[in-house]
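Asker: Predicted coordinates and the sequence they were generated for:
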Amino acid sequence: MSSASSKPWDARLAAALVRPLCHTSVSPNVLTTVRLMVGLYGAALFAGGESPNLAALVIVLSNFLDHTDGELARMSGRSSRFGHNYDLASDALVTVGLFVCIGWGLRDSLGQVAALLGLAAGLAVAGIFHLRNLIENAHGKQATAQPRFAGFEAEDILYLLPLVTLFDVLPGFLKAASIGAPLAFLIVLGQYLLLRRRA
């Protein structure tokens, strides 16, 4: 188990906030459900295309809440295989839904190609989650550790989403995601094949 000082900043804050819940009836799965509902609501707001700034803030909240269930599970000794799988499935649904819904919501400004761009990014993200799950099951969680710098992880890029919507560059963000997500999928696929060959 990593020490508190080695955790990302958002995980440290999440741990501090959920510590009072350790001896209550609130389970980690409840927090996972809250994160899932908040994330799907944020994605739905993007699909509507009318409130991108609010949608971005809701997604940021969802991204932060993603740390609360795991922290509570570890501190309260209530970790479970079901809870871990539920957390992974929720992460996948929210992240895939985010890109698909952004594409859907940008059809008026980018045309129907926006939906295809969102679908491309979403499918690539789904593939990444699937491969990372296979890698973790075969080689342990450490094999899927994300790159980290100064207390931030790669996934923390989503915390910049409010700036993307505030400066009205969401179409550019979607285009970049439609290229970057498939490239990231290829990188994870290479990692998976390499680990499988070594095994």
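Answerer: Good, I have the coordinates. Quick caveat: nothing in here was measured; it's all calculated off a predicted structure.
Asker: can you map out the helices along the protein?
Answerer: Counting by DSSP state H, the chain has helices at residues 9-18, 28-48, 52-76, 81-105, 107-110, 113-139, 161-166, 170-198.
Asker: mind checking which of the ones you listed is nearest E153?
Answerer: Taking C-beta to C-beta, helix 9-18 is the member of these nearest to E153, at 8.5 Å. Bear in mind the C-beta positions are built from the backbone N, C-alpha and C, glycine included.
Asker: pLDDT of that closest one, averaged?
Answerer: Averaged over helix 9-18, pLDDT sits at 92.
Asker: Stretch 96-112 now?
Answerer: For stretch 96-112, the per-residue pLDDT averages 96.
Asker: mind checking how far that stretch is from the chain centre?
Answerer: Computed by C-alpha atoms, centre = their mean, to the nearest Å, the chain-centroid distance of stretch 96-112 equals 18 Å.
Asker: Check stretch 185-199 too.
Answerer: 21 Å.
Asker: Sort out which residues of it are buried, please.
Answerer: Neighbour counts over stretch 185-199 (16 or more other C-beta atoms under 10 Å) mark F185, V188, Q191, Y192 as buried.
Asker: how about it as CSV, C-alpha atoms only?
Answerer: C-alpha atoms of stretch 185-199 as CSV (Å, rounded to 0.1, in the frame of the first residue of the first chain):
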residue,chain,number,x,y,z
PHE,A,185,-5.3,2.4,-26.9
LEU,A,186,-2.5,1.3,-29.2
ILE,A,187,0.1,2.0,-26.4
VAL,A,188,-1.9,0.0,-23.9
LEU,A,189,-2.4,-2.8,-26.4
GLY,A,190,1.4,-2.9,-26.9
GLN,A,191,1.9,-3.1,-23.2
TYR,A,192,-0.7,-5.9,-22.9
LEU,A,193,0.9,-8.0,-25.8
LEU,A,194,4.4,-7.4,-24.3
LEU,A,195,3.4,-8.6,-20.8
ARG,A,196,1.5,-11.6,-22.3
ARG,A,197,4.6,-12.6,-24.3
ARG,A,198,6.8,-12.4,-21.2
ALA,A,199,4.3,-14.5,-19.3
